[in-house]
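Undergrad: Prediction below, plus the sequence it came from.
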Amino acid sequence: MLRFIHGWAFDAAFWDPLRAALADSPQAACDAGYFGRTHEPDVTGPVIAVGHSLGVLRLLRQLPDQCIGLVSINGFPRFSAAPDFPSGVPARLLDRMDKRLVDSPAAVVQDFRQRCGDETPFGPPQVATLRRDLAALRDEDQRPALAALPVPLLALAGGADAIVPAAMTRAAFACRPEDELHWREQGGHLLPVTDTGWCAAHIRGFAARLAQRT
């Protein structure tokens, strides 16, 4: 079973292209509720968790029951900069976004999604939910959880990602040299949408290798 967790300012529909490419696999997608109600599907049996961007941080916070593998796409265990993580995003930029969210939530979401390369419409922003997870981007550090991850990891990254630069990715996953990190040279921050086939092929290969281990 594939369980998909999207990133900040998106919803479960973000996964539609990749889910279609992997339609031969049982799957379910969560929704954080940034534009409506949250959705956490009930999943039983072995799970491969697939996260995008902030979704990876959320998965590192708590893996699903019976998780057998983690797929990170444009993901990270920490987003904001710190003395021991200079490649992160300065916290002041996230603070500015938070202040603007209160007065102009739709503009903030649209600006962010355009930076990602997305122009699709979205519903009324749920400000409290967006602010809660923007705070997670600013404050949360799951690097210890990544270092102690009890399951195999597949990380897919874009060499031209404007949100999660290559330097951030390399610094974040340096603690997992034994796991797979694959680069899409000109890939941006929306690899599941822009490079769907490439992502699907890597996930299929990862799932096949996990099956051989059991």
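TA: Thanks, I have it.

Undergrad: May I have the top helix by length along the chain as CSV, with CA atoms only?
TA: Of all segments of type helix in the chain, defined using DSSP state H, the longest is helix 196-213. Listed next in CSV are the C-alpha coordinates belonging to helix 196-213 (Å, rounded to 0.1, in the frame of the first residue of the first chain):
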residue,chain,number,x,y,z
THR,A,196,5.8,11.9,-13.0
GLY,A,197,7.1,8.9,-14.9
TRP,A,198,10.6,9.3,-13.4
CYS,A,199,9.2,9.4,-9.9
ALA,A,200,6.9,6.4,-10.6
ALA,A,201,9.8,4.3,-12.0
HIS,A,202,11.9,4.9,-8.9
ILE,A,203,9.0,4.1,-6.5
ARG,A,204,8.3,0.9,-8.4
GLY,A,205,11.9,-0.1,-8.2
PHE,A,206,12.0,0.7,-4.5
ALA,A,207,8.9,-1.2,-3.8
ALA,A,208,10.3,-4.2,-5.7
ARG,A,209,13.5,-4.1,-3.6
LEU,A,210,11.5,-3.9,-0.4
ALA,A,211,9.4,-6.9,-1.5
GLN,A,212,12.6,-8.9,-1.9
ARG,A,213,13.6,-8.2,1.6
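
Undergrad: now it: mean pLDDT?
TA: Predicted confidence along helix 196-213 averages 95 (mean pLDDT).

Undergrad: any idea how far Leu101 is from the residue most central in space within the chain?
TA: Centrality entry for the chain: nearest residue to the mean C-alpha point is His52, 2.0 Å, by Cα atoms, centre = their mean. When distances are taken as Cβ to Cβ, to the nearest Å, His52 and Leu101 turn out to be 21 Å apart. Glycine gets a C-beta too; all of them are placed from N, C-alpha and C.
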